[in-house]
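> Output the structure for:
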Amino acid sequence: AAAFHEVPAGWADANAAAPVLPADWWKMYQDAQLDQLEQQLIANSPDLASALARYHQAQAATGVLRAAESPTLNASLNAQRDRQSDLKPLRGATSPAEYNSGTLGFDLGYEVDLWGRISKQVSAGVAQEQASYADLAAARLSLQIQLADTLLALRGADADIRLLRETEQAYQRQADLIKQRHDGGSASGLDLARAENQVESTRSLLRQRIAQRSVQEHAIAALVGASASDFRLDAGVQQFVTPAVPVGVPSLLLQRRPDISAARLRVAAASDQVGVARTALFPSLTLGASAGYQSSEFGRLAQAGNLFWAVGPTLAVSLLDGGRRKAQIANAEAVLDEAGQRYRSVVLTAFQQVEDQLTLLTNYDEAAKSDHLAADAAGRALDLAKKRYDQGAASYLEVVTAQTAYLQSRRSELDLTTRYRQAGVQLVKALGGGWAESAPTAG
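Presented below is the predicted three-dimensional model:
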C-alpha cells in the first residue's frame, strides 16, 4: 500500500519517508528509570546472551563453509615395527621377516569449483549468518519492548493502587461516620452494611492489584537478569511521554523489521541450496598431490633417496544412485517454497501489526478523553448524592451507586491511559525500532 490506513493526528506524515528509529529508541520516552533498566537488560539478560551465542554459532558455521574454498594440506608421521608372514604371497626370498617402517608424508588437495557448488554453499552460509544476526536484533528488540511494556503496566498498577488506597481511606471514613450515626440511631443497619461492603470490596481490589504489581516487578527482574528476590522498583509517579513515532510508508517495513530481513535472507539461503543440490548431477574435479619420505631406518628417513611423490587430478561422477540426487533437488525446492511462503506471511503480519497499533492509538486516545469526561461527571454525581443523603433526600444506596460509578470511571481512565502508552511502545516494535542491517560489534 502507498500509506498506512490510520495514523494519529499530529504524528509523522505517513506518505513521507521517515528516518530509521535510533538504536536507543526508548530514550524518546524521556524516562530515566526505563533507560537504566534497558541498559541493564542489554548487559545482563541471559536470553539476549543466548541469542548472541546463536549468532556466533552461525558465524563459525560460515567459517567452516569458507574453508572449502581453500586448498587443504595434511601431514602425517608414522613409525612402526612390522613382521611379515612366512607364507605371505610374493614375499621376496631375501625379504626380512621383521623390519622397521617410517613414513613422513604430506597430502595437498583442492576441489575445483566447476559448477559453483562451493560458492553456493558459502553464499547460503553467509545468508544464514546474516539471518541469524537479524534474529539477534529481533530478540533484542522483543526483549526491550517487553521490558518497556511491563514497566508501563507496573506504572499503571502504581497509579491504580494509589487510587484504590485513597478510595479505601475515604470509604473507611465514610463507614466510621455512618457507624456513629447508626449508634446514635440516625442511620439504619442497612446503610452501615452497605458502607462496610464498600470498604471491604475496595480493600480486596487493592490487594489484588498489589499482587499483580508484584508479578510485574518479578517479570522485569527476570528480563534484566536480576534475582526477583532482591529486585525492587519503588512506586513512581512519573509517566512516559508518548512521542510521535516516525511511521513512514509501508514499504519501509521491508527494511526496518529484523524478522522480515531474516525471512528474506532465509529465502536467499534456500535458493542457494537448490543450486548446491543441482550441482550433484555433474562431476567433481579434485587436484591432489602427495609427497614425503619412507625408510626402514628411522635415522635416515629424510634422505633424498627416500623421497616419494604423486600428483594428478581426480574426476568423479555418480552414475547410478537410485534417484537420490533428484530427490535432494526436489527437497531443496520444497524448502525454498516454504521459505518464500514464510517470508510472505511475515510481511503480511508486519503490516497487520502496524495497522493494529495505529488503530489502538487513535481510538484509545479518544476513549481516554471520553473516560476523563465520564469520571468528571461521575464525581459531580457523587457530590450531589452525598448532599442528598446528608439532607435526608436520598438513601445511602444512591451514594453507593455513585461511588461505584466514580471509581469505575477513574480506573477505566487510568487503564486506557496505560493501554494507550503500551500501544505506542508496541508500534515501535511493529516498525522494527532500533534495527539496522550491520554486523554487531558487541561480543
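> For the helix or strand encompassing Gln216, enumerate the helices and strands it packs against.
Per DSSP states H and E, Gln216 falls inside helix 189-223. Other elements packing on helix 189-223 under the criterion 3 or more Cβ pairs under 8 Å, 6 or more residues apart in numbering; DSSP states H and E are helix 117-183, helix 396-430. C-beta: built from backbone N, CA, C; applies to glycine.
> For Ala339, find the nearest of those helices.
helix 117-183 (10.0 Å; Cβ to Cβ).
> And the closest one, what does it pack against?
Counting contacts by 3+ Cβ pairs under 8 Å, 6+ apart, helix 117-183 packs against helix 32-44, helix 46-67, helix 189-223, helix 258-279, helix 396-430.
> any chance of the ones you listed in JSON lines, plus distance to Phe4, mean pLDDT and mean neighbour count?
Listed next are these as JSON lines, based on distance: least, Cβ to Cβ, whole Å; pLDDT from 0 to 100; neighbours: other Cβ atoms under 10 Å:
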{"stretch": "helix 32-44", "distance to Phe4": "26", "mean pLDDT": "94", "mean neighbour count": "16"}
{"stretch": "helix 46-67", "distance to Phe4": "29", "mean pLDDT": "94", "mean neighbour count": "15"}
{"stretch": "helix 189-223", "distance to Phe4": "30", "mean pLDDT": "94", "mean neighbour count": "16"}
{"stretch": "helix 258-279", "distance to Phe4": "16", "mean pLDDT": "95", "mean neighbour count": "21"}
{"stretch": "helix 396-430", "distance to Phe4": "10", "mean pLDDT": "91", "mean neighbour count": "21"}
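> Now do the SS call for Leu285.
Classification of Leu285 by DSSP: H, G, I helix; E, B strand; the rest coil places it in strand.
> Pull the number of nearby residues for it.
By other Cβ atoms under 10 Å, 16 other residues sit near Leu285.
> for Gly184, same thing?
Gly184: 8 neighbours (other Cβ under 10 Å).
> ok, now Leu252?
17.
> Let's see the pLDDT reported for it.
Per-residue pLDDT puts Leu252 at 77.
> Same check on Ala436?
According to the model, Ala436 scores 61 on pLDDT.
> May I ask you to name the longest strand in the protein?
strand 98-112 (DSSP state E).
> my read: Asp160 touches Leu416, true?
No. Between Asp160 and Leu416 there is no contact under Cβ atoms under 8 Å: 12.0 Å.
> so who does the residue nearest the centre of the chain touch?
Residue closest to the average C-alpha location in the chain (Cα atoms, centre = their mean): Ala139, at 2.1 Å. Going by Cβ atoms under 8 Å, 6 or more residues apart in numbering, Ala139 touches Asp47, Leu48, Ala51.
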